[in-house]
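Novice: for reference, the sequence and a predicted model appear below.
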Amino acid sequence: LTTQRQVDFIQFRTNRTVKPMDDMLMSASEKANMVTFIKEGLPAAIQEAQEELEPSASSNIQSRQNLCARMADIGKPEKVPMSVIRLNRFNWPRQASLDMAGSARIDELAMSKMMTKAGSGVDRNHLTAAMSQISARQGSPTGRFCLNRPQPPCDPSARYRSQDGWCNNLKLPFWGAALSPHIRVTPPRYDDGISTPRTLSVVTTSQGRPLLPNVREISTTLSQGLDRPHPTVTLLLMQFGQFLDHDFVNTPISLVQTTKGEASPPQCCNVQPQCRDAACFPIDIPANDRFYAQFNVKCMEFVRSLPAPRPDCTVGPRDPMNQNTHFIDMSQVYGSSVEDNAVLRAGERGGLRINTSPLAVEFRMMLLPPDKDTLDCQRLDESRACFKSGDNRVNIQTALTALHTIFLREHNRISDFFWNRRRDLPDEILYQETRKVMAAQWQAIVYGEFLPTLVGDRIAGDERNQIKLMARGFSNLYNENVNPGTWVETSTAAYRLHTLIQDWLPLKRTFNESFKPFHEFFFTPYYMYEPGALDNLAEGMIHENSQSFDNQVTTEMQEHLFQAVDEKFGLDIVSLNLQRGRDHGLATYNDIREFCGLPRARSFKDLEDVMTRNAITRLARVYRHVDDIDFWAGGVSENPVNRGDGVVGPSFACILTGQFRDWKVGDRFWYENPGQFTLPQLDEIKKASLAGIMCANTNIRQIQPRVFLDARDGVNPRVPCESIPQMDLSVFLSTFPGAGK
Ligand code: HEM
Ligand SMILES: [Ca+2]
């Protein structure tokens with residue numbers, strides 16, 4: 001049986017370096033004709049599209065909006081639930097993202113004009129693929145967001161990463177930078193080949209192609225919220241996983257101008273379809289829904305992600321924007337822009353700003369600085385504010401806030417050490433040197449501890465996958481031709497490991513709390529102000545287990561996501577994940593199988609090579625055809641890879657292995673690259689561990705060395721913190737600017 005198949009080297013079926021044009025089955029003259037057609041027609045199409053989308057020119061759109069606004073007023077406008085407001089805050093766009101999306105929308109309209117012009121004789125996928133390779137908008141006034149983005153030239157000898165990731169790649173400075181698109185390793189699946197979500201089944205009937213199953217129906221068919229704790233993996237794996245995802249991706253949603261002149265997310269439910277904003281993609285809830293029906297809820301709000309313009313001056317199918325640096329560089333701690341970073345800095349001694357509220361001072365707790373503007377937080381009293389960090393999602397649930405706090409403390413612990421020895425150095429140097437060490441040990445922990453647990457030792461240990469750390473010496477894997485960008489396949493499915501989440505937080509032990517459901521911790525991180533809260537959470541996360549990797553997601557996430565205390569229901573993360581996949585034009589489960597070297601399944605039965613019969617039955621119950629299966633739904637239905645050597649299934653493991661490889665070999669500042677650290681410094685970084693960081697920054701006294709796995713006598717026994725190795729930070733002083741003079 002192929003279920004027993006062992007996976008080691010992950011080899012992609014498609015050669016990702018092949019340009020789409022080369023891939024097309026066209027004669028040379030056909031290709032040449034298409035290139036001429038695009039070069040001649042596209043600038044005019046862009047011009048037309050721009051005029052059409054210009055706000056002043058669209059009086060008819062305006063009047064339609066006004067009409068619809070009046071209709072909405074006549075009907076009773078529903079109060080927007082707090083859960084929806086919180087979801088939108090979670091995905092909030094920066095002004096720069098909104099500006100850039102305007103440019104991307106012009107491109108999309110221009111593309112569709114080109115398609116109309118080309119007529120039905122031309123293959124739409126060929127045309128979009130060809131357009132995406134021709135820089136037709138360079139120098140055009142709307143091209144201001146491509147290569148012309150105003151930035152100082154790159155300094156190849158810069159010792160530190162830039163704050164926004166710009167210039168990591170010297171040839172293509174936008175690669176991996178904040179405010180660039182997610183990238184793709186499989187072709188997009190949009191209904192129109194440009195940007196409209198996949199909604200149609202592959203099946204053709206006499207009435208045409210039926211709709212794909214509704215995402216909420218898929219959600220309830222797959223998951224019954226069963227409680228299946230993972231046998232060996234701690235809850236810290238889940239929590240670290242989320243903390244890491246806030247390093248490499250932050251996808252903003254679209255906003256609309258309200259009549260008051262503010263920008264806000266459009267309301268999509270309870271609005272007539274013809275009056276809905278183009279960014280609306282609401283989720284219908286079936287009338288017989290096992291949970292929402294009792295509240296008479298028929299629709300879940302969903303706003304589409306912002307389109308990102310392509311940084312290489314080409315036009316092409318829509319890609320979502322990423323507001324964080326794509327690199328594994330601790331941007332969730334430091335921010336993804338110079339402006340964000342400035343707010344987080346103490347401004348002296350190389351430190352990060354901390355919380356100076358009376359509670360924090362009284363109990364001598366180093367906490368994150370307060371964020372007075374956080375609308376999504378329900379403030380209980382003035383003395384307990386929500387927190388600020390490098391990623392704006394820091395407050396969404398308290399265990400995440402706890403990890404942010406531990407890494408804040410770690411930064412200040414290291415910067416204090418440096419400052420005590422080099423008081424002559426300015427704040428900026430002390431900060432950057434600390435950040436450099438922080439990012440290095442972060443990468444070492446992500447690749448050395450987290451990834452081997454996630455994809456399994458067998459895959460992580462295979463040198464050919466290039467995710468294994470060096471036993472000694474430097475790595476020679478840096479490749480300037482590898483794009484270090486976050487993949488849509490990762491952000492929108494393979495890394496959405498919401499199946500690992502428990503329906504409680506491990507706060508019970510010290511606080512003697514009666515059971516508190518997980519949703520009471522959404523956007524209410526006030527526990528952090530209790531003395532001992534952080535220690536308690538840290539201790540709980542290494543004691544308790546994650547949920548298993550499977551098609552089951554806790555009802556806290558499937559029914560109560562972001563629910564406020566005075567609400568009865570929240571959102572469903574499974575529906576959101578699936579709908580987001582369609583919004584982002586994500587390839588299907590079968591596409592990914594093929595990309596990963598598994599055979600394309602021709603029937604549901606073919607899925608037996610990676611799934612149990614039970615998991616297949618659920619998929620077959622809701623999907624009409626095996627080609628319709630959404631990647632996330634198929635991915636979580638798989639058995640863990642290599643019989644449980646890894647946590648995730650084979651297709652998630654495949655995507656994640658490729659992704660982590662590219663984040664590493666495409667990062668010029670990867671800590672093992674020559675020129676980043678000296679050999680003695682690398683030897684110290686090898687001593688870094690998450691156990692060590694938790695010991696150094698909390699009051700935990702005992703810990704198992706491999707924190708993502710249960711403590712087990714003989715194998716991974718809990719030991720006193722004193723016996724966990726710590727880096728000798730003094731080795732880093734020798735390469736400080738001006739050292740040894
Ligand atoms: C622990 C509580 C968690 C909550 C409440 C939560 C909630 C959410 C929500 C609401 C979204 C946005 C959904 C959408 O509109 O598309 C999201 C996205 C995401 N989640 Fe989670 N999540 C949690 C844990 C995790 C974990 C453990 C992981 C992975 C190990 C994870 C990975 C992701 C990723 C990669 C995204 C996409 C983010 C982006 O593109 O900006 N999440 N999560
Ligand atoms: Ca980052």
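Specialist: Great, that's in hand. Ligands and ions are numbered 1, 2, ... in the order given.
Novice: just the strands in the stretch 251-400 of the chain please.
Specialist: 256-257, 263-264, 283-284, 299-300, 321-322 (DSSP state E, counting those that start in this stretch).
Novice: now the residue in the stretch 201-350 of the chain that ligand 1 sits nearest to: which helix or strand?
Specialist: Per Cβ to the nearest ligand atom, Gly241 is where the stretch 201-350 of the chain lies closest to ligand 1, at 2.6 Å. C-beta: built from backbone N, CA, C; applies to glycine. Using DSSP states H and E, Gly241 sits in helix 235-248.
Novice: show me what that helix is packed up against.
Specialist: Applying 3 or more Cβ pairs under 8 Å, 6 or more residues apart in numbering; DSSP states H and E, we find helix 235-248 packed against helix 331-334, helix 398-421, helix 451-455, helix 533-543, strand 545-547.
Novice: show me the shaky parts of this protein.
Specialist: Flagging of the chain using pLDDT under 70 yields the residue ranges 1-4, 14-25, 55-67, 69-78, 136-151, 259, 374-376, 379-381, 508-515, 740-741.
Novice: please identify the buried residues of the helix ranked longest in it?
Specialist: Secondary structure of the chain per DSSP state H: the longest helix is helix 28-53. Buried residues in helix 28-53, defined by neighbour count with 16 or more other Cβ atoms under 10 Å: Met34, Phe37, Ile38, Gly41, Leu42, Pro43, Ala45, Ile46, Ala49, Gln50, Leu53.
Novice: tell me, how many residues neighbour Arg624?
Specialist: 17 (other Cβ atoms under 10 Å).
Novice: roughly how far apart are the residue nearest to Ile629 when sequence neighbours are not counted and ligand 2?
Specialist: Distance criterion Cβ to Cβ, 6 or more residues apart in numbering; nearest residue to Ile629, sequence neighbours excluded, is Tyr589 at 4.1 Å. Tyr589 sits 28 Å away from ligand 2, taking Cβ to the ion, to the nearest Å as the criterion.
Novice: repeat that for Ile218.
Specialist: Using Cβ to the ion, Ile218 is found at 31 Å from ligand 2.
Novice: quick check: the nearest residue to that residue once chain neighbours are set aside vs Glu217, distance?
Specialist: Closest residue to Ile218 apart from its sequence neighbours, by Cβ to Cβ, 6+ apart: Val622 at 5.1 Å. Using Cβ to Cβ, to the nearest Å, Val622 is found at 6 Å from Glu217.
Novice: tell me which element the closest residue to ligand 1 within the stretch 551-700 of the chain falls in.
Specialist: At 3.7 Å from ligand 1, Arg580 is the closest residue in the stretch 551-700 of the chain, using Cβ to the nearest ligand atom. For Arg580, the element it lies in under DSSP H and E is helix 573-583.
Novice: what's next to the helix or strand just after that helix, contact-wise?
Specialist: The element immediately downstream of helix 573-583 (helix or strand, assigned by DSSP H and E) is helix 589-595. Residues from elsewhere that reach helix 589-595, judged by Cβ atoms under 8 Å, 6 or more residues apart in numbering: 12-14, 185-187, 189, 489, 587, 599-601, 626-627, 629-631, 633-635, 651, 654-655.
Novice: also stretch 558-574?
Specialist: Here stretch 558-574 has contacts from 81-84, 86-87, 90, 215-216, 218-219, 222-223, 225, 291-292, 295, 297, 300-301, 378, 396, 498, 517-520, 522-523, 553, 557, 576, using Cβ under 8 Å, 6+ apart.
Novice: at 7 Å what do you get?
Specialist: Outside stretch 558-574, the residues within contact range by Cβ atoms under 7 Å, 6 or more residues apart in numbering are 81-83, 86-87, 216, 219, 223, 225, 291-292, 295, 297, 300, 378, 498, 519-520, 522, 553, 557.
Novice: so which of the residues you listed are in strands?
Specialist: Met300 (DSSP state E).
Novice: follow-up on the earlier one: name the residues of the helix holding Arg580 that come out as buried.
Specialist: Neighbour-count burial for helix 573-583 [16+ other Cβ under 10 Å]: Ile573, Val574, Ser575, Leu576, Asn577, Leu578, Gln579, Arg580, Gly581, Arg582, Asp583.
Novice: how much space separates Ala399 from ligand 1?
Specialist: Distance of Ala399 to ligand 1, computed by Cβ to the nearest ligand atom, to the nearest Å: 7 Å.
Novice: oh sorry, the question was meant for Ala177
Specialist: Distance from Ala177 to ligand 1, by Cβ to the nearest ligand atom: 16 Å.
Novice: what about that residue? Give its phi and psi, please.
Specialist: Phi and psi for Ala177, reported as degrees, to the nearest 10, are phi -80, psi 150.
Novice: residue contacts, it?
Specialist: Asp164, Gly165, Trp166, Thr325 are the contacts of Ala177 under Cβ under 7 Å, 6+ apart.
Novice: 8 Å - rerun?
Specialist: Ser162, Asp164, Gly165, Trp166, Cys167, Asn168, Thr325, His326.
Novice: not counting sequence-adjacent ones, nearest residue to the residue nearest the centre of the chain?
Specialist: The chain has Val249 as the residue nearest its centroid, 3.6 Å off, counting by Cα atoms, centre = their mean. Nearest residue to Val249, sequence neighbours excluded (Cβ to Cβ, 6+ apart): Ser491, at 4.5 Å.
Novice: the one you found: how many residues sit nearby?
Specialist: By other Cβ under 10 Å, 24 other residues sit near Ser491.
Novice: contacting ligand 1 as well, which ones from the contacts of Ala177?
Specialist: For ligand 1, no contacts are drawn from the contacts of Ala177 by Cβ under 6 Å from any ligand atom.
Novice: in helices, which of these fall?
Specialist: Short answer: the contacts of Ala177 have none in helices (DSSP H).
Novice: whichever of those end up buried, select them in PyMOL.
Specialist: Here is the PyMOL selection string for the buried members of the contacts of Ala177, based on 16+ other Cβ under 10 Å:
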select buried, resi 162+164+165+166+167+168+325+326
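Novice: could you export the contacts of Ala177 as a markdown table, including distance to ligand 2?
Specialist: Shown next, in a markdown table, are those (distance: Cβ to the ion, whole Å):
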| residue | distance to ligand 2 |
| --- | --- |
| Ser162 | 12 |
| Asp164 | 10 |
| Gly165 | 7 |
| Trp166 | 12 |
| Cys167 | 15 |
| Asn168 | 11 |
| Thr325 | 4 |
| His326 | 6 |
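Novice: as JSON lines, the buried residues of helix 28-53 with distance to ligand 2 would be great.
Specialist: Listed next are the buried residues of helix 28-53 as JSON lines, based on distance: Cβ to the ion, whole Å:
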{"residue": "Met34", "distance to ligand 2": "38"}
{"residue": "Phe37", "distance to ligand 2": "40"}
{"residue": "Ile38", "distance to ligand 2": "35"}
{"residue": "Gly41", "distance to ligand 2": "39"}
{"residue": "Leu42", "distance to ligand 2": "33"}
{"residue": "Pro43", "distance to ligand 2": "35"}
{"residue": "Ala45", "distance to ligand 2": "36"}
{"residue": "Ile46", "distance to ligand 2": "32"}
{"residue": "Ala49", "distance to ligand 2": "33"}
{"residue": "Gln50", "distance to ligand 2": "33"}
{"residue": "Leu53", "distance to ligand 2": "32"}
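Novice: adding distance to Pro311, write the residues you listed out as CSV.
Specialist: Formatted as CSV, the buried residues of helix 28-53 follow (distance: Cβ to Cβ, whole Å):
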residue, distance to Pro311
Met34, 23
Phe37, 24
Ile38, 19
Gly41, 23
Leu42, 17
Pro43, 19
Ala45, 20
Ile46, 16
Ala49, 19
Gln50, 19
Leu53, 20
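Novice: just flag the most distant two among those residues.
Specialist: Greatest spatial distance in the buried residues of helix 28-53: Met34 and Leu53, 25.7 Å, computed using Cβ to Cβ.
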